[in-house]
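**Q** Fold the stuff below for me.
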Amino acid sequence: MRAFMQRRMAAWMRRRQGADLLPVTLHRRRLYILPTRTGIAFGALLLLMLIAGLNYANSLALLLTFLLAGMTLVAMHSCHRNLLGLTVTDLSSQDSFAGEQAQLQLRLTNAGAQPRMALQLDGTAQAAVTCTAPAAGTVLVRLSIATPRRGAMPIGRIRILTTWPFGLFRAWTWLHVAHAVTVYPRPEGQRPLPLAAASQGGSAPRECGEADEWATLRAFREGDSPRQVAWKAYARGAPLLVKEYTSSGGADRLFDFAALGGLDTEQRLSQLARWILSAAANGERFGLRLPHQSIALDQGLLQRQRCLRALALFDTEAAPSA
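**A** Reported below is the predicted structural model:
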């Protein structure tokens, strides 16, 4: 029953507010406030104190009751005001691989002269993140999102709430955004890279790993070859890092979905993702051929992102059976 009521309430809020286009300023119409469990217990205590003071005609008890009731009203006003006028100016995310934690970034702007204390953001099925927006300033909040499978993962809605100052009331709002995180296939597979074809420069075919110049170190990703791991740095206490190289050989690789016979669709996409990461790390030119889509030969981070996005958004219905 509780889950049913929550779904009905969420649908009602969505119809009432509609989709949000950033920047969004939190005005009175979209803020909700209710007492917390602590606030309900505190209200019951005030009621008992009022009854006892009236019963025994105790002026001091009545004075204390009215003072606490006034403090409660001030706390309710302050809790509501802690969100009122706050602006969500920007929302962005970084693409992620399936099984990892994607990062969603929100930028909150406070144009008021008072800081916004103890703001909590959640709604991504992960632990809530607490932050404070400084007076006349901005704060960048990062939320983690689980990515169990590849594809375009819509965010849905994000809740911004506060129980400041005393935890007696909870004020909140929902942010409905048309934003999706692109989740790449998990880079897996045991098949070796296909042989590189000679480029127009006339260089001979070469195997994976014959890169010429060391470029940099990056964090280890699942599917990277153990031969590229910087084991000496790891032995000195550094995190697991992978060596990246730039190649001057000019070899080209074309990764073909149809060439991965004997694998199902998701296994093929995972194998292609691993090949793309390896070729990009070696500085090679590579292309991608999928059913109903082809990506021309190129190199660099943009080509890597272009090919991985094509794998992430690949239509399963368009794939042939394994």
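
**Q** OK, contacts around the closest residue in space to residue 297 that isn't next to it in sequence?
**A** With sequence-adjacent residues excluded and distances taken as C-beta to C-beta, 6 or more residues apart in numbering, residue 297 is closest to residue 287, at 4.2 Å. To be clear about C-beta, it is placed using only N, CA and C from the backbone, and glycine gets the same treatment. When the contact criterion is C-beta atoms under 8 Å, 6 or more residues apart in numbering, the partners of residue 287 are 252, 253, 254, 255, 294, 295, 296, 297, 298, 307.

**Q** Mind listing the strands the particular helix or strand that has residue 287 in it pairs with, and their directions?
**A** Using DSSP states H and E, residue 287 falls within strand 285-290. Next to strand 285-290 in the sheet, as set by DSSP bridges, lie strand 252-256 (parallel), strand 293-298 (antiparallel).

**Q** okay, those in a markdown table with mean neighbour count and distance to residue 149 next?
**A** A markdown table is the format used below for these (neighbours: other C-beta atoms under 10 Å; distance: least, C-beta to C-beta, whole Å):
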| stretch | mean neighbour count | distance to residue 149 |
| --- | --- | --- |
| strand 252-256 | 19 | 21 |
| strand 293-298 | 14 | 20 |
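
**Q** What is the least confident helix or strand in the protein?
**A** One helix or strand of the chain scores below all others by mean pLDDT, DSSP states H and E: strand 213-219, with a mean of 64.

**Q** So what touches the following helix or strand past that strand?
**A** Using DSSP H and E, the helix or strand that follows strand 213-219 in sequence is helix 231-235. Residues from elsewhere that reach helix 231-235 (C-beta under 8 Å, 6+ apart): 217, 240, 241.

**Q** again, only this time at 10 Å
**A** 217, 220, 238, 239, 240, 241, 243 (C-beta atoms under 10 Å, 6 or more residues apart in numbering).

**Q** Now the two most distant members of those.
**A** 239 and 243 (13.7 Å; C-beta to C-beta).

**Q** More neighbours: which of these two?
**A** With neighbours defined as other C-beta atoms under 10 Å, residue 239 and residue 243 compare such that residue 243 has more, 17 against 10.

**Q** Next one: the more buried one, what pLDDT does it get?
**A** At residue 243 the predicted local confidence, pLDDT, stands at 72.

**Q** Leaving out chain neighbours, which residue sits closest to it?
**A** Residue 243's closest residue in space is residue 228 (C-beta to C-beta, 6+ apart), at 5.1 Å.

**Q** Are any of the contacts of helix 231-235 buried, and if so which?
**A** 217, 220, 241, 243 (16 or more other C-beta atoms under 10 Å).

**Q** doesn't residue 167 fall inside a strand?
**A** No - assessed with DSSP: H, G, I helix; E, B strand; the rest coil, residue 167 is coil; it does not lie in a strand.
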